[in-house]
Structure formats: structure tokens, C-alpha cells
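Q: Build the 3D model from these lines:
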Amino acid sequence: MLRGLSEEKVFKDPVHHSVFIQDPTIWKLIDTPEFQRLRRIRQLGTSYMTFHGAEHSRFSHSLGVYEITRKIISQFERNGYPDWPQEERLVSLCAALLHDVGHGPFSHSLEQVFGTHHEKWTCEILLGDTGINRVLREADPSLPERVSSVICKTYGQPIVVSLVSSQMDADRMDYLLRDSYFTGVHYGTFDLDRILRVLRPYKGKIVVKETGMHAVEAYLMSRYQMYWQVYFHPVTRSSEIVLRSIFKRARILYRSDYRFEFLLPPLRRLFDGELTVGDYLELDEAMVQTSFGRWTGEKDPILSDLCKRFLNRQLYKYIPMEHRDETTLSEFRRQWREIGLDPDYYLEVDTPTDLPYDVYDTDSDQGGPEKPPILLLDDKERLTEISEKSEIIRSIAKVQRGKYHIYYPEELVQEHADRLSPDIRKLLYL
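A: Residues are numbered from 1 along each chain as shown. The predicted structure follows:
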């Protein structure tokens with residue numbers, strides 16, 4: 001086992017006040033180019049267009065996840081719980097720190113258009129010819145594969161996976177508090193210290209002491225509120241729609257042999273579907289937004305317009321719909337074409353089923369180890385799934401809500417409002 005650092009390192013943090021680094025491997029991982037790149041990837045994608053303070057990065061979030069994991073493990077070790085495998089400390093801390101290293105620029109929008117997935121890239125970075133891989137191998141030749149299997153949720157110790165990926169993991173606890181802080185809302189606040197005190201390792205699982213049930217209720221309610229008030233805010237959805245439309249238009253143009261005035265090599269290989277780990281690591285939000293700035297001058301009017309909209313926050317207006325009516329949507333598309341707007345880029349229906357709502361699932365133990373349910377441990381060492389004892393959690397478990405929204409460029413449609421049918425004008429409040 002590596003000896004600790006000669007002097008403990010401390011990062012000041014607005015959420016946890018201080019992040020303490022005691023392991024030399026963790027300190028070296030933070031200093032790698034691959035981890036430093038996370039400074040250039042926003043944690044909340046395009047949410048800064050809705051909440052102007054949401055400029056925080058994946059770098060600060062990853063440090064926060066590491067710190068919560070460190071506190072949990074320290075509490076386990078301090079109390080001498082026999083069910084915690086102490087030899088798993090380093091792999092747990094590395095997985096917590098590195099769990100998001102594979103995120104790309106505006107990651108979820110990029111993933112939807114190009115079919116990539118950040119966890120796959122995380123594992124390729126861990127196992128490839130990278131600084132992170134070299135640091136891990138220096139500590140233990142088996143460490144890259146072990147950390148990768150934690151990220152992929154195949155590790156032989158499910159309790160380690162649960163620290164980073166479960167229904168009450170360090171990842172979720174940090175992003176709720178951090179996102180709440182930087183968006184300026186209070187929905188995501190909960191008593192983290194209380195939750196950390198009532199967590200227990202028990203028979204290969206992480207469970208909650210029954211007396212801590214109310215703290216967990218507050219945590220799950222904060223998660224519920226943050227998803228509907230922040231993560232699924234309709235203005236944020238509008239900015240994501242414009243962003244995805246830019247990626248979609250650029251890819252279609254590229255595949256039709258359109259000659260870009262400006263196209264950086266990593267984006268070219270992204271469009272070709274031939275990204276290497278090195279190419280992927282070059283992609284950050286500065287590169288993407290630089291490209292958007294240059295593409296405002298492209299000859300293609302749709303790409304140029306979409307990039308101007310995104311950079312200047314000229315987003316799409318949205319109107320609610322009670323349900324998805326394909327007949328009405330077909331009529332929208334037909335009339336859009338008649339007034340010269342391509343509905344593939346200037347008309348979007350955002351549906352509740354499209355939203356990746358991270359709802360608490362009481363039955364997820366049936367679907368494998370990825371998201372086991374939250375279990376309460378009573379004073380007789382009996383385990384009970386939390387919704388069986390909490391009416392609050394029963395009321396929000398598996399709840400699906402939200403409205404359909406139609407998104408469109410208001411000013412372009414208004415220019416041709418007289419050519420739209422009365423029914424469409426009525427729906428658009430024109």
C-alpha cells in the first residue's frame with residue numbers, strides 16, 4: 001500500500017468547504033491532463049442559459065463526489081464496521097474521482113445525436129494509453145481494470161459500486177447540493193451530514209439506519225424537485241433542442257459532402273464515427289463553441305441561423321400540449337414547409353417520456369445491481385425497503401409527470417402568421 005502524502009492537500013470548495021486529499025494516487029490523478037480537461041466541461045450543460053450561475057464544471061463535481069466517498073469510507077473505518085472491506089478504499093476513491101472523466105462537451109446532447117456514451121469513454125480512458133492509466137498502474141497494475149469495472153458496474157464487490165452508482169450514492173448527493181448552490185435555488189438542499197452518519201455497510205450492501213429515514217425522505221424529495229424545477233426546465237430543454245439541431249445539421253451537411261469553411265479535425269472524426277481516445281479528449285466546450293462561432297458565417301443558412309441562436313440565446317418559444325396528437329403535429333409540419341421552415345430543425349415536440357427522470361424505483365433490485373433500492377436497517381438487524389415505511393416516498397416512487405411542449409422559432413413563424421391556418425394560429429396564441 002502506498003504511503004500517504006507527506007502533507008495533506010486541501011481544495012477549498014463552496015459546497016463541502018474543504019476537499020481533503022491524503023492519497024498520493026488521488027493527487028496524481030487530479031494532475032493528469034484527462035482530469036484537468038473536466039474544468040472545460042460544464043456540469044449542467046446548457047442550463048447556464050436558464051440559471052446564469054450554473055457555470056460550474058465536471059471537475060468541481062468530481063472532487064465533490066470523491067470527498068463524499070472519502071467521508072463515507074472514513075466513517076465506516078472509524079467505527080470499525082466489519083462489513084466494510086478496507087482493502088477497497090483506494091479503488092473506491094479512484095472510481096469516485098474518475099466516474100465522469102468520459103463526459104464530452106454538452107455531453108448528453110452530444111450523446112443523443114452521435115450515439116456515444118460517457119461511461120464507455122470513461123472506461124476507454126482508464127484502460128487506454130493515458131496519464132490516468134499510467135498513474136493507476138503505478139499504484140497497482142490491476143487498478144485500471146478494477147476501477148473500470150466499478151464504473152461499468154461489474155465489479156466483484158457490489159458495495160463499492162453502490163458508493164458511486166446507486167439510488168443514494170455520492171454522485172447524486174454531490175450534484176444535488178452543487179447544482180442547487182450554483183443555480184441559486186434551494187430545492188436540492190438536504191442534511192448531508194445526517195445521511196452520512198446513518199449509512200452502514202451490511203452484508204455486502206450499503207444500508208441506512210432506520211432512525212435516518214426522515215433525512216433520506218428529504219434527500220429523495222430534493223431530487224424530485226430538482227428534476228422538475230431545474231433539470232427539466234423548459235427553457236433549458238429549448239437550449240438543448242437548438243444544440244442538438246446544430247449537431248444534427250452539421251453531421252448531415254458533412255455526410256452530404258458540404259464543404260465547411262471551418263472544421264477542426266476532432267469534429268471531422270466525430271462525424272466520421274472514427275474518434276480515438278486522443279480525439280475525444282481534445283473535444284471540450286471551448287472547441288465546440290469556437291466552431292459554432294465560425295459556423296455562424298457558413299453558407300448553409302440553417303446551420304448559420306442555429307449557431308447564432310445558440311450563441312446569442314435566441315431560443316425557441318414553447319407551448320404546452322395536454323397530449324401528443326400526431327394529426328395536429330403532421331399539420332404543423334406541413335404548414336412549416338409551406339412557409340419555408342424545415343420542421344426537422346424548427347419544430348420539436350418534447351415529451352415526458354423523453355425525459356431521463358431519475359425517479360426512485362422500489363423494484364430496481366429486480367433489474368440488476370445498478371440501482372438497488374434504499375434499505376432501512378432496524379435495531380433487530382432486519383432490512384426493509386424504505387417505501388414500505390415511508391408514505392412520502394411511496395407517493396413519489398415511480399411517478400411520471402410533465403407536459404408535452406412544442407418548440408419553435410417564434411419570430412420566424414410570426415413573419416408568416418397570416419399564411420397559417422386559424423387552428424394552428426390559435427394553438428400558437430397568434
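
Q: and Pro141, how many neighbours does it have?
A: 9 (other C-beta atoms under 10 Å). (Each C-beta comes from the backbone N, C-alpha and C, glycine too.)

Q: measure it to Asn133 for me?
A: Using C-beta to C-beta, to the nearest Å, Pro141 is found at 11 Å from Asn133.

Q: Tyr258 now?
A: Counting by C-beta to C-beta - Tyr258 and Asn133 are separated by 38 Å.

Q: Next: Arg78.
A: Distance from Arg78 to Asn133, by C-beta to C-beta: 32 Å.

Q: which of the two has more neighbours?
A: Asn133 (21 against 8).

Q: who's in contact with the more buried one?
A: Asn133 makes contact with Ile125, Leu126, Leu127, Pro144, according to C-beta atoms under 8 Å, 6 or more residues apart in numbering.

Q: how close does the third one get to Ser142?
A: This means Leu127. Separation of Leu127 from Ser142 (C-beta to C-beta) stands at 12 Å.

Q: When these two are compared, which one has more neighbours?
A: Leu127 (16 against 11).

Q: Tell me the spacing between that one and Val161.
A: Counting by C-beta to C-beta - Leu127 and Val161 are separated by 18 Å.

Q: same question, Ser390
A: Ser390 is 24 Å from Val161, by C-beta to C-beta.

Q: quick one: which of those two has more around it?
A: Val161 (24 against 20).

Q: If we ignore the residues flanking it in sequence, what's nearest His233?
A: Nearest non-adjacent residue to His233, counting by C-beta to C-beta, 6 or more residues apart in numbering: Thr50, 5.1 Å away.

Q: Give me the pLDDT for that neighbour.
A: The model reports Thr50 with a pLDDT of 97.

Q: what do you get for Tyr357?
A: 52.

Q: Please enumerate the strands of this structure.
A: Counting by DSSP state E, the chain has strands at residues 9-13, 17-21, 199-202, 205-209, 317-321, 348-350, 375-377, 383-385, 404-408.

Q: Looking at those, spot the one closest to Ile72.
A: strand 199-202 (6.0 Å; C-beta to C-beta).

Q: Could you list the low-confidence segments of the stretch 1-150 of the chain?
A: Applying pLDDT under 70 to the stretch 1-150 of the chain picks out residues 1-3.

Q: which stretches of it form helices?
A: 24-30, 33-36, 58-78, 89-98, 107-114, 118-127, 131-139, 143-151 (DSSP state H, counting those that start in this stretch).

Q: What about the closest residue to Val413 other than its chain neighbours? Give its phi and psi, please.
A: Once flanking residues are discounted, Val413 sits nearest to Leu428: 6.8 Å by C-beta to C-beta, 6+ apart. Backbone torsions for Leu428, taken as degrees, to the nearest 10, come to phi -90, psi 0.

Q: Next, the contact list for Leu428, please.
A: Ile319, Tyr408, Val413, Leu420.

Q: Just the pLDDT at the last one, thanks.
A: Confidence at Leu420, expressed as pLDDT, is 94.

Q: is it true that it touches Phe332?
A: No - in terms of C-beta atoms under 8 Å, Leu420 does not count as a neighbour of Phe332; the distance is 9.4 Å.

Q: List buried members of the contacts of Leu428 by neighbour count.
A: Among these, those scoring as buried are Tyr408, Val413, Leu420 (criterion: 16 or more other C-beta atoms under 10 Å).

Q: Tell me what the first one is bridged to.
A: For Tyr408, the residues forming beta bridges with it (DSSP bridges) are Lys317.

Q: Look up how far Asp350 lies from it.
A: 11 Å.

Q: cool, the second one as well?
A: From Val413 over to Asp350 the distance is 17 Å, taken as C-beta to C-beta.

Q: picking up where we left off before, closest to Arg40 out of the strands of the chain?
A: That would be strand 9-13 among those, by C-beta to C-beta, at 17.6 Å.

Q: hmm, who's touching the closest one?
A: Under C-beta under 8 Å, 6+ apart, the answer for strand 9-13 is Ser18, Val19, Phe20, Ile21, Gln22, Trp27, Ser60, Leu63, Gly64, Glu67.
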